[in-house]
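Trainee: Here you go, sequence then predicted model.
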Amino acid sequence: MNNERNYPKTKVCRNCKEEKPASEFHRSGRTFDGLLNECKICRNMRLEREHLLMPGSVNPEKYSAIEEGVKEYYSSNNGLGEKLVALNKENNILVHKLKSFKRENEDLKRKLKLIEHKQIVTTLEEDEKKRRELLKSLD
């Protein structure tokens, strides 16, 4: 039995929004593709910030230097990081609208089925009424 996974060749980091080779991501058994959703650089920066925020370990100078580095990293490439964040927010809004439209569509389909069912029942009742009248006329 082969336990090797087929990892994607590249992946987009959820933080810096850059497409990077799979080797730039840590492995994870919890994700569909087997790789974490954030690259090693962003993960290390996040873990460093979280560590600095732990009670008793805050060094304000070191923390502010790291925060400046993070801001510089995300604002590099002529502000592409900020543009990607804005596009991601817009994408989330569109995804929400699409889900809403899908729910409305499903509701309309259910209503249409009910209307069709009522029409079929009405037609059957009318046919039964005509059959009874025809049987009465034959008697």
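Mentor: Sure thing, it's come through.

Trainee: what about the strands in this protein?
Mentor: 10-12, 19-21, 25-27, 35-39 (DSSP state E).

Trainee: mind putting those strands in TSV, mean neighbour count and mean pLDDT included?
Mentor: C-betas here are computed from N, CA, C, even on glycine. Formatted as TSV, the strands of the chain follow (neighbours: other CB atoms under 10 Å; pLDDT from 0 to 100):
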stretch	mean neighbour count	mean pLDDT
strand 10-12	16	92
strand 19-21	13	92
strand 25-27	16	92
strand 35-39	19	92
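
Trainee: Which one of those lies nearest to Lys97?
Mentor: Of all the strands of the chain, strand 10-12 sits nearest to Lys97, with 22.4 Å by CB to CB.

Trainee: Now do that closest one: everything it contacts.
Mentor: 18-22, 24-25, 33, 35 (CB atoms under 8 Å, 6 or more residues apart in numbering).

Trainee: For this structure, give me the ranges with low pLDDT.
Mentor: 1-4, 52-67, 69-85 (pLDDT under 70).
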